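A.B. asks: Next input, structure requested:
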Amino acid sequence: MKRRTAYIWMGTIVGLSVVLFAAIYYLNLGQEVDKAANNVKGGEPNFSYFIQGDFKSPLDKPMDVSKIGEYVYVTDTNNKQVQVFDTSGTPIFKFGKEGEGEGEFKFPYGITGDKDGNVYVADLYNGKISIFSKKGKFIKYFEEKDSTTPAITSPAGLRIFDNKLYVTDIESKKVIVFNLDGKKLLEITSASGIEDVFNAPNAITIDNDKNIYVSDSGNLRVVVYDEKGKFVRIINGNKDAKGESKFVNPRGLAVDSKGTLYMIDNMTHFVYGFDNKGEQVYQFGGLGSENDQFFLPNGLFIDEKSQMYITDTFNQRVAVYF
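C.D. replies: Residues are numbered from 1 along each chain as shown. Model prediction:
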C-alpha cells in the first residue's frame, strides 16, 4: 500500500513537472513569436554588429555615415579622411588627408551620395562640399550658381533626395536646398516665426512625402517643414512640444520606410523614434560601450533595406541595427 502511494505521488510529481515544463516552453515560445511579430510590424530596431575599421587604422570620431551604392562611407573626422566598408563591416579603402586643398579635409562631417554613386562630403572648417567618385577620387567642389555671395560657409548635415542637395549651415544658421547643378531652390532660417531662428542646425533628413526634418541642436529640438519650407511642427519630447525640451543636443536624423522618424540625442546617448505626429514610440541606447549602448552618438542613416547605421563617436565605431 505504501509502495502504491509512493508511485502515485511520483507519478503526480512527474505529471506536474511535464505540465510546468510545457507551460514555460509555450510561454517562452509565445514571447518569441510576439517579439518577432513586433519586429515585422516595425518594432524597436535590433542590434546587429559593429563597424570599427582595422587594427592599423581604427575609426577616430566617426561623425556621419551613408550607404552609397554597395559601400558604407564614414567620415573619420579626427583622421581627416573617409573610410569605406562593405555591408559586412570589412574595410575596403579610405581617402582624404589633412589639408585645405582638393581632396583634403580639416573637419569632414556630413556625407551623402547621388544616384550615380558620387560621394559628397561637407568640410565644416574648410567651408566646402567636396564631390568624389565612388572610389574616392576627387572630382570637384560643389559650386553654387547665380550667387555672388556663397550661401554655404560651414556645412554640416548633408542629404540628397530626389536630385536635390539639402545642407545645414551651422555658422549662418540656415538650411539651404540646391539642385545638383548648384542652383539654390530654398532657404530656411526660422521655425514657427521670423524671430524663432535656428541655433546651430545640424542634421537633416527627408521623408517619402518630401517633408524636411532639421535637428536644431542649439535650440534642443527637431523642426519639421513641408517640401516648400513651410513650418509644420516642433518635436522636443513633450506632447505638442509644450514645455522645456527633454533633449540635450539632438543630432542625427533618419526616417524609415514606415514613416518613423529616428533622432539621436547626443549627450543623453539615446536614440528616439517618433510617429508621423511627433509622438515618441521608441527609445533605446544609453551611456556605455556594450551592445545597444552609445557614448556621444552623432550620425544616423537608414538604407533601402531598413538597416540603421549609427556613428558612436567616443566608442570609435558604427553600430548597425535591423
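
A.B. asks: show me the contacts for S172.
C.D. replies: A151, T153, S154 (C-beta atoms under 8 Å, 6 or more residues apart in numbering). Just so you know, the C-beta spots here come from the backbone N, C-alpha and C atoms, and that holds for glycine as well.

A.B. asks: Quick check: phi and psi on I194?
C.D. replies: phi -60, psi -30 (degrees, to the nearest 10).

A.B. asks: my bad, should have said D240
C.D. replies: Phi and psi for D240, reported as degrees, to the nearest 10, are phi 60, psi 20.

A.B. asks: swap in N219?
C.D. replies: The phi and psi values for N219, taken as degrees, to the nearest 10, are phi -100, psi 10.

A.B. asks: what's the pLDDT at it?
C.D. replies: Looking at N219, its pLDDT stands at 98.

A.B. asks: I figured it hits N199, correct?
C.D. replies: Yes. Assessed by C-beta atoms under 8 Å, N219 is found in contact with N199 at 4.7 Å.

A.B. asks: who's more crowded, those two?
C.D. replies: Shown here are N219 and N199; by other C-beta atoms under 10 Å, N219 has more neighbours (20 against 12).

A.B. asks: how about the strands in the stretch 201-322 of the chain?
C.D. replies: Assigned by DSSP state E, counting those that start in this stretch, the stretch 201-322 of the chain shows strands spanning 201-206, 212-216, 221-225, 231-235, 250-255, 261-265, 270-274, 280-285, 297-302, 308-312, 317-321.

A.B. asks: Dump those strands into CSV; add mean neighbour count and distance to I188 as well.
C.D. replies: Output for the strands of the stretch 201-322 of the chain, formatted as CSV (neighbours: other C-beta atoms under 10 Å; distance: least, C-beta to C-beta, whole Å):
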stretch, mean neighbour count, distance to I188
strand 201-206, 25, 9
strand 212-216, 26, 8
strand 221-225, 22, 6
strand 231-235, 18, 9
strand 250-255, 25, 15
strand 261-265, 25, 18
strand 270-274, 22, 20
strand 280-285, 16, 25
strand 297-302, 25, 20
strand 308-312, 25, 25
strand 317-321, 23, 29
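
A.B. asks: Let me have the ones you listed in a markdown table, extended by distance to Y120.
C.D. replies: Below are the strands of the stretch 201-322 of the chain laid out as a markdown table (distance: least, C-beta to C-beta, whole Å):
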| stretch | distance to Y120 |
| --- | --- |
| strand 201-206 | 13 |
| strand 212-216 | 17 |
| strand 221-225 | 21 |
| strand 231-235 | 26 |
| strand 250-255 | 17 |
| strand 261-265 | 21 |
| strand 270-274 | 24 |
| strand 280-285 | 28 |
| strand 297-302 | 13 |
| strand 308-312 | 17 |
| strand 317-321 | 19 |
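
A.B. asks: do you know which of those lies nearest N46?
C.D. replies: Among these, the nearest to N46 by C-beta to C-beta is strand 317-321 (6.1 Å).

A.B. asks: Show me how far the closest one is from its chain's centre.
C.D. replies: On the basis of C-alpha atoms, centre = their mean, to the nearest Å, strand 317-321 is displaced by 10 Å from the centre of the chain it belongs to.

A.B. asks: Same question for stretch 303-316.
C.D. replies: In terms of C-alpha atoms, centre = their mean, the centre of stretch 303-316 is set 6 Å apart from its chain centre.

A.B. asks: just to revisit the earlier point, and the contacts of S172, which of them are buried?
C.D. replies: Buried by 16 or more other C-beta atoms under 10 Å: S154, out of the contacts of S172.

A.B. asks: Return the member of the contacts of S172 nearest to F178.
C.D. replies: After measuring these against F178 - C-beta to C-beta - the closest member comes out as A151, at 8.6 Å.

A.B. asks: May I have the residues that are in contact with the closest one?
C.D. replies: A151 neighbours (C-beta under 8 Å, 6+ apart): E144, D169, S172, K174, I176, K184, E187.
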